[in-house]
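Novice: no FASTA, just this:
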């Protein structure tokens, strides 16, 4: 029997919404209560009535009142909350509707909107509808008012304004709200909350009836009276439904099921903050605007976002079925959001990525410079050619170089070395690479002239790097001055007394000399 009542409420709310919406459209048009395409962010090209919320509100209140009375008339035992809770939901909903209607007709600033919405949230809380517990703060115990009231207000403000912000394309806000409402209905059935079930199925029917006239090409808009009222009722019913639900269902499912509008409001506030613009100013960079800029038509953009909303809805049902999968669901959402934001190409977030990349590069630059300075210290105290070569290889490889080249006038110094094989170039120099990547790629050479204190040339010494798209992050002045000076002094110190000549053959040396094909200055 209760299932029949749900179906009856759904069909009745659709019918009343289908009947009232054309009447409200005609009345608003006759009074001039229309939205003209005056602002840059407006998508529509002709004036349309903007008080569709009147049909939404009247249809919902009428059928919702009957839905709460029908079980009693039929003698069914249905568990309903106190009259105070019901009156607080309907009364605060009336406040929000009146606020939206005034804004549709006369206009009102954002701060006044927030203030009135906060008052409505306070009325809800006074009626016992609010965030009563949250295990994150108080396991198994009700929250104190000093915590519960602000959390309730924040939740109401977030959801109410989230649906208001996405009301930028024909049918977008209403369609997204329809999906979220169905999820709340299913959730309320799972926890046997009859009142929330009756109100959510009624709201779903009202929205579906209104969509007949609001889907592209729309003949009437929700207006603030409609979008804020729907968002507020979803926020209020989610709070009421959470009273009997486990903590995970009470917190996670309403958030996930309203994931798309919440995501849009978070992105809007974040990018305006990053761009140094007023947080509450309108713009053309909402998710639906970005899809239009990508070449999608209004209808296609709305259908794509319906798909996104349905994915959020399905994921919320996964959590409803198995709360242990919340981590998996959040991971999927995080990956999806990251790819989505990347696809939409927000300049603000691209700049954040660039800042982070530069920060990471700065960290790497510091590490490379420190490594070069350690190499300089080691060279200044080094008296063995094998140790010199080991220092050069380890330090230069860490910095990002792939090899080194020694002028032929210095080869007598780098004899009898171990573990660093050299090969002969076509002009008589010797070079060594840490790996074999040079065989298929061009090589970049950074060449230094090693000199004595009297500026007499000892020969040239080159750092080699295989051509790469990745930047070489090191202070060039540090290499060309301090590092070159330390290496010059070390070479001069080791060459005093006449070191052994470079040996091309024999088992007492690991130095190999062979023609390096294509290797030249």
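Specialist: The structure has been received and is ready for your questions. Just so you know, these numbers come straight off a predicted model, no measurement behind them.
Novice: Count the neighbours of residue 453 for me.
Specialist: Other residues within reach of residue 453 by the criterion other CB atoms under 10 Å amount to 9. All C-beta atoms are positioned from the backbone trio N, CA, C, and that covers glycine.
Novice: Residue 209 too?
Specialist: Applying other CB under 10 Å, we find 23 residues neighbouring residue 209.
Novice: Same check on residue 107?
Specialist: Around residue 107 sit 8 other residues, with neighbours defined as other CB under 10 Å.
Novice: Ramachandran angles for it?
Specialist: Backbone dihedrals for residue 107, given as degrees, to the nearest 10, come out at phi 90, psi 140.
Novice: One more: residue 199?
Specialist: The main-chain torsion angles of residue 199 are listed as degrees, to the nearest 10 and equal phi -70, psi -40.
Novice: Could you measure from it over to residue 65?
Specialist: Between residue 199 and residue 65 the computed distance is 10 Å (CB to CB, to the nearest Å).
Novice: who has more neighbours, these two?
Specialist: Neighbour totals were compared for residue 199 and residue 65, and residue 199 leads with 29 against 13 (other CB under 10 Å).
Novice: who touches that one in this structure?
Specialist: Contact criterion CB atoms under 8 Å, 6 or more residues apart in numbering gives 64, 67, 89, 233, 237 as the residues in contact with residue 199.
Novice: would TSV of those with distance to residue 187, secondary structure and pLDDT be doable?
Specialist: Converted to TSV, the contacts of residue 199 look like this (distance: CB to CB, whole Å; DSSP: H, G, I helix; E, B strand; the rest coil; pLDDT from 0 to 100):
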residue	distance to residue 187	secondary structure	pLDDT
64	18	helix	92
67	18	helix	85
89	17	helix	94
233	15	helix	96
237	10	helix	93
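Novice: biggest helix in this structure by residues?
Specialist: Secondary structure assigned by DSSP state H gives helix 347-380 as the longest helix of the chain.
Novice: Next, the buried residues of that one.
Specialist: 348, 349, 365, 368, 369, 371, 372, 373, 375, 376, 378, 379 (16 or more other CB atoms under 10 Å).
Novice: Determine how far it lies from the middle of the whole chain.
Specialist: Averaged C-alpha coordinates place helix 347-380 at 26 Å from its chain's average position (CA atoms, centre = their mean, to the nearest Å).
Novice: For residue 406, state which of the contacts of residue 199 is nearest.
Specialist: For those, the closest approach to residue 406 (CB to CB) belongs to residue 237, at 78.0 Å.
Novice: Summarise which helices and strands the helix or strand encompassing residue 398 is packed against.
Specialist: Using DSSP states H and E, residue 398 sits within helix 385-399. Helices and strands touching helix 385-399, as assessed by 3 or more CB pairs under 8 Å, 6 or more residues apart in numbering; DSSP states H and E, comprise helix 347-380, strand 403-406, helix 484-495.
Novice: So what pairs up with residue 445 in the strands?
Specialist: Judged by DSSP bridges, the bridge partners of residue 445 are residue 464.
Novice: Go ahead and confirm it touches residue 405.
Specialist: Yes - here residue 445 reaches residue 405: they are 6.8 Å apart, a contact under CB atoms under 8 Å.
Novice: Need the overlap of contacts for the two.
Specialist: 462, 464.
Novice: Could you count how many residues lie near residue 213?
Specialist: Using other CB under 10 Å: residue 213 sits among 22 other residues.
Novice: is it true that residue 268 touches residue 165?
Specialist: Yes - Residue 268 sits in contact with residue 165 when judged by CB under 8 Å, with a separation of 6.2 Å.
Novice: Would you mind telling me which of residue 445 and residue 405 has the busier surroundings?
Specialist: Applying other CB under 10 Å to residue 445 and residue 405 shows that residue 405 carries more neighbours, namely 24 against 15.
Novice: Confirm for me that the more buried one is in contact with residue 448.
Specialist: No - counting by CB under 8 Å, residue 448 is not a contact partner of residue 405; they are 10.6 Å apart.
Novice: Pull the contacting residues for residue 373.
Specialist: Taking CB under 8 Å, 6+ apart as the definition of contact, the neighbours of residue 373 are 478, 482.
Novice: Can you list the low-confidence ranges for the stretch 351-500 of the chain?
Specialist: Filtered on pLDDT under 70, the stretch 351-500 of the chain yields the residue ranges 415-420, 436-441, 497-500.
Novice: quick one: common contacting residues for residue 268 and residue 165?
Specialist: Common neighbours of residue 268 and residue 165, using CB under 8 Å, 6+ apart, are residue 286.
Novice: which intervals of this structure have sub-threshold pLDDT?
Specialist: Within the chain, the set of residues satisfying pLDDT under 70 comprises 1, 38-45, 71, 73-82, 133-141, 244-250, 415-420, 436-441, 497-521.
Novice: Tell me the secondary structure at residue 130.
Specialist: What DSSP: H, G, I helix; E, B strand; the rest coil gives for residue 130 is coil.
Novice: that older thread, same list, the buried residues of helix 347-380, but as CSV with distance to residue 255 please.
Specialist: As requested, those are arranged in CSV below (distance: CB to CB, whole Å):
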residue, distance to residue 255
348, 24
349, 22
365, 41
368, 44
369, 46
371, 47
372, 50
373, 51
375, 53
376, 56
378, 56
379, 59
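Novice: helix or strand for the closest residue to residue 410 other than its chain neighbours, which one?
Specialist: Beyond its immediate neighbours in the sequence, the residue positioned closest to residue 410 (CB to CB, 6 or more residues apart in numbering) is residue 459, lying 4.0 Å away. When elements are assigned from DSSP H and E, residue 459 belongs to strand 457-466.
Novice: right, and the helix or strand after that strand?
Specialist: Once the chain leaves strand 457-466, the next helix or strand it forms, by DSSP H and E, is helix 476-477.
Novice: Quick one: list the elements packing against that next one.
Specialist: Counting by 3+ CB pairs under 8 Å, 6+ apart, no packing neighbours are recorded for helix 476-477 among the helices and strands.
Novice: and residue 333, what does it touch?
Specialist: 256, 259, 312, 315.
Novice: can you redo the residues you listed as TSV with distance to residue 409 and secondary structure?
Specialist: Converted to TSV, the contacts of residue 333 look like this (distance: CB to CB, whole Å; DSSP: H, G, I helix; E, B strand; the rest coil):
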residue	distance to residue 409	secondary structure
256	71	helix
259	69	helix
312	71	helix
315	70	helix
